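> fold the following.
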Amino acid sequence: METNQPETAAVSGQPVAPQNASEQAKTEPERVPFMASTREKIAALLMYVLAYLSVDRLLFTGYDTWYLHVCIVVFVLAFVALTEYLHRDTPRSRESWVWLGCLLIVTAAIALNRCRAWREDYCDAWTLFYSSAPLFLHIFAVWWALSRSDALLDGESGHLLPLDALDGFVVFPFKHFFLRLRTVGCTLSRLRGGEKREKPKAETVGWSLVMSAAALGLLWWAVNLLVSADSGFADLVSGFLDSLRFEWKIELSSFLFRFLLSLPVGAYLFGLLAGALREDKAALRKRAAGIGETLEMLRGVPERVWLVLLALFCLLYLAFFAVQARYLFGAFTGAPPEGFSVAEYARQGFFELCKVMAVNFALLWLVTRTAREDARTQKSTRALCLALLAESFLLAVVAFSKLALYIDIYGFTPKRLQSTWLVCVLAFGCGCAAWSLTPHIPARPAKGGKTFRVWMYFGAVTLSLLCLY
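Numbering: from 1, shown residues only. Next up, the predicted model:
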């Protein structure tokens with residue numbers, strides 16, 4: 001009877017050695033050490049300066065409007081330049097120009113102290129800084145960085161907008177939150193290792209400056225210890241030290257506080273820029289494809305079910321228009337219905353009509369994603385969807401007419417301008433959705449995947465232009 005030696009060893013509790021080197025490599029995968037490119041090293045060091053200046057100048061500038069505006073412009077331009085430097089070898093998409101343009105337009109609006117559409121009246125620098133304009137600036141900056149680094153899930157903006165936003169604002173920055181620290185550590189470890197490099201001058205100068213600062217700090221400490229140890233030496237240098245001690249302590253504590261505050265800011269920004277660059281683009285596309293396959297699994301609702309539900313919505317709106325026709329279309333006659341002032345007529349129901357349009361968009365998304373057959377290929381479903389969009393567009397027209405009557409009598413205000421922009425974006429969305437439902441024609445391919453992106457462009461560009469008001 002033959003015996004199996006490896007099995008005997010396993011039974012006896014002895015460790016079984018791998019048969020060859022390939023098996024050992026499979027059981028113990030080689031750990032790849034962290035490496036950072038030269039651009040990442042330079043960008044990591046520059047991000048310390050940029051983050052400190054952003055915290056120091058944007059949060060502690062007082063109420064000097066002109067100075068704050070200059071700081072915002074310089075920060076945005078430095079952010080753009082650093083992003084371009086990191087992504088110099090990354091192919092530039094045409095979409096990235098749209099988001100860069102929106103970013104620069106909002107920056108110009110803040111610099112010119114515009115953005116009156118998002119505030120009630122003229123305000124100082126701090127009020128402007130904490131208004132909606134910097135929020136738009138942040139949104140456009142993150143989206144431009146994602147587009148420039150080709151880190152959008154589908155390679156471009158589209159129906160995966162919520163997941164792309166989650167990646168840009170949360171996942172990438174915090175997933176790579178310590179990337180800057182690792183990059184700086186990699187740089188210092190190579191310097192400490194004494195490896196020969198072709199261009200060591202920049203790193204040598206930087207390391208020398210750091211060590212010089214540390215040595216000067218120790219020198220200052222030694223002087224203070226000598227003063228405490230010997231009264232004669234203290235009398236000799238007391239005048240000089242007294243003139244510097246108070247201001248030095250204040251400046252040092254202020255610098256340390258702002259520097260510590262800038263560390264998470266710089267880590268977040270570098271995690272976004274360098275982290276998005278390091279993301280595996282093939283894995284992102286695979287993830288997008290997996291999401292698409294998951295959405296396809298939702299297709300199980302028979303056409304008849306959606307036909308009944310869509311018909312109920314359409315009949316509901318028809319009944320609403322029939323019963324309230326005199327009230328809804330009163331603005332077209334230039335006068336509100338009896339018993340209503342212009343202000344009451346314009347305000348009542350405006351945002352409710354906009355919310356109804358949002359409900360209709362959600363319903364259309366459910367229909368197009370869960371119907372067993374593509375809605376564009378089913379004539380009945382497509383007809384009811386287009387009817388629903390037509391009624392939504394009519395709701396937008398009614399809301400706009402009420403707002404126009406209000407503006408014609410009382411004039412423009414920031415809130416009324418915001419409301420006008422919202423109605424226009426919703427009406428444009430109805431047109432885009434209707435265009436996406438057009439059937440497949442050989443000479444004109446399906447456009448369902450592109451119309452949402454066009455709607456995003458329209459909303460972003462008009463929003464940035466509105467900031468110039």
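
> isn't residue 152 up against residue 142?
No - assessed by Cβ atoms under 8 Å, residue 152 is found out of contact with residue 142, at 11.4 Å. C-beta here means a position set from N, CA and C on the backbone, and glycine is covered the same way.

> the two: which has the busier surroundings?
More neighbours surround residue 152 than the other of residue 152 and residue 142, with 26 against 22 (other Cβ atoms under 10 Å).

> over to that one. Which of the three states is it?
State at residue 152, reduced to three classes by DSSP: H, G, I helix; E, B strand; the rest coil: coil.

> for the host helix or strand of residue 76, C-alpha coordinates in CSV please.
Residue 76 belongs to helix 65-86 when elements are defined using DSSP states H and E. Extracted in CSV, the C-alpha atoms of helix 65-86 (Å, rounded to 0.1, in the frame of the first residue of the first chain):
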residue,chain,number,x,y,z
THR,A,65,-14.0,92.8,0.7
TRP,A,66,-11.4,93.6,-2.0
TYR,A,67,-8.7,91.6,-0.3
LEU,A,68,-10.9,88.6,0.2
HIS,A,69,-11.9,88.6,-3.4
VAL,A,70,-8.3,88.7,-4.5
CYS,A,71,-7.6,85.7,-2.2
ILE,A,72,-10.4,83.7,-3.7
VAL,A,73,-9.3,84.4,-7.3
VAL,A,74,-5.7,83.4,-6.4
PHE,A,75,-6.8,80.3,-4.6
VAL,A,76,-9.0,79.1,-7.5
LEU,A,77,-6.3,79.8,-10.1
ALA,A,78,-3.7,78.0,-8.0
PHE,A,79,-6.1,75.0,-7.6
VAL,A,80,-6.6,74.9,-11.4
ALA,A,81,-2.9,75.2,-12.1
LEU,A,82,-2.1,72.4,-9.6
THR,A,83,-4.8,70.2,-11.0
GLU,A,84,-3.5,70.7,-14.5
TYR,A,85,0.1,70.0,-13.4
LEU,A,86,-1.0,66.7,-11.8
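
> counting by contacts, list what the helix or strand containing residue 351 packs against.
Using DSSP H and E, the element containing residue 351 is helix 350-370. When contacts are defined as 3 or more Cβ pairs under 8 Å, 6 or more residues apart in numbering; DSSP states H and E, helix 350-370 packs onto helix 303-323, helix 379-410, helix 414-436.

> residue 258 versus residue 75, what's the distance?
When Cβ to Cβ, to the nearest Å is the yardstick, residue 75 and residue 258 sit 15 Å from each other.

> now swap in residue 390 and tell me
With the distance defined as Cβ to Cβ, residue 390 ends up 57 Å from residue 258.

> skipping its backbone neighbours, what lies nearest residue 421 in space?
Nearest non-adjacent residue to residue 421, counting by Cβ to Cβ, 6 or more residues apart in numbering: residue 466, 5.6 Å away.

> what about the helices in the stretch 151-300 of the chain?
Applying DSSP state H, counting those that start in this stretch to the stretch 151-300 of the chain gives helices spanning 161-166, 172-175, 179-193, 201-229, 231-278, 281-296.

> least confident of those helices, on average?
Lowest mean pLDDT of these: helix 201-229, a mean of 67.

> ok, residue 469 - contacts?
Contact partners of residue 469, counting by Cβ atoms under 8 Å, 6 or more residues apart in numbering, are 114-117, 417.

> again with residue 432
For residue 432, the contact set (Cβ under 8 Å, 6+ apart) comprises 451-452, 454-455, 458.

> repeat that for 10 Å
Listed by Cβ atoms under 10 Å, 6 or more residues apart in numbering, the contact partners of residue 432 are 389, 447, 450-456, 458.

> ditto for residue 465
Neighbouring residues of residue 465 by Cβ under 10 Å, 6+ apart: 102, 105-106, 109, 117, 421.

> which of the residues you listed lies closest to residue 296?
residue 102 (32.7 Å; Cβ to Cβ).

> doesn't the closest one belong to a helix?
Yes - assessed by three-state DSSP, residue 102 belongs to a helix.

> contacting residues for it?
Taking Cβ under 10 Å, 6+ apart as the test, what residue 102 contacts is 136-137, 139-141, 143-144, 457, 460-465, 467.

> is the residue lying closest to it once chain neighbours are set aside in a helix, a strand, or coil?
Leaving aside its sequence neighbours, residue 102 sits nearest to residue 464 (Cβ to Cβ, 6+ apart; 4.1 Å). Look at residue 464: counting by three-state DSSP, its state is helix.

> burial count for residue 464?
Look at residue 464: counted by other Cβ under 10 Å, it has 24 neighbours.

> also residue 47?
Applying other Cβ under 10 Å, we find 26 residues neighbouring residue 47.

> name the element it belongs to?
If you go by DSSP H and E, residue 47 is part of helix 38-59.

> next one: that helix to chain centre, how far?
19 Å (Cα atoms, centre = their mean, to the nearest Å).

> can I get that helix in PDB, CA atoms only?
Output in PDB follows, covering the C-alpha atoms of helix 38-59 (Å, rounded to 0.1, in the frame of the first residue of the first chain):
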ATOM      1  CA  THR A  38       7.700  63.400  -8.900                       C
ATOM      2  CA  ARG A  39       4.600  65.400  -9.700                       C
ATOM      3  CA  GLU A  40       2.800  64.000  -6.700                       C
ATOM      4  CA  LYS A  41       5.700  64.800  -4.400                       C
ATOM      5  CA  ILE A  42       5.900  68.400  -5.700                       C
ATOM      6  CA  ALA A  43       2.100  68.800  -5.500                       C
ATOM      7  CA  ALA A  44       2.000  67.400  -2.000                       C
ATOM      8  CA  LEU A  45       4.500  70.000  -0.800                       C
ATOM      9  CA  LEU A  46       2.700  72.800  -2.700                       C
ATOM     10  CA  MET A  47      -0.600  71.700  -1.200                       C
ATOM     11  CA  TYR A  48       0.700  72.500   2.300                       C
ATOM     12  CA  VAL A  49       1.300  76.100   1.200                       C
ATOM     13  CA  LEU A  50      -2.000  76.400  -0.700                       C
ATOM     14  CA  ALA A  51      -4.100  74.900   2.100                       C
ATOM     15  CA  TYR A  52      -2.400  77.200   4.700                       C
ATOM     16  CA  LEU A  53      -2.900  80.300   2.600                       C
ATOM     17  CA  SER A  54      -6.500  79.300   2.000                       C
ATOM     18  CA  VAL A  55      -7.200  79.000   5.700                       C
ATOM     19  CA  ASP A  56      -5.100  82.000   6.600                       C
ATOM     20  CA  ARG A  57      -6.400  84.400   3.900                       C
ATOM     21  CA  LEU A  58      -9.900  83.200   3.400                       C
ATOM     22  CA  LEU A  59     -10.900  82.700   7.100                       C
END
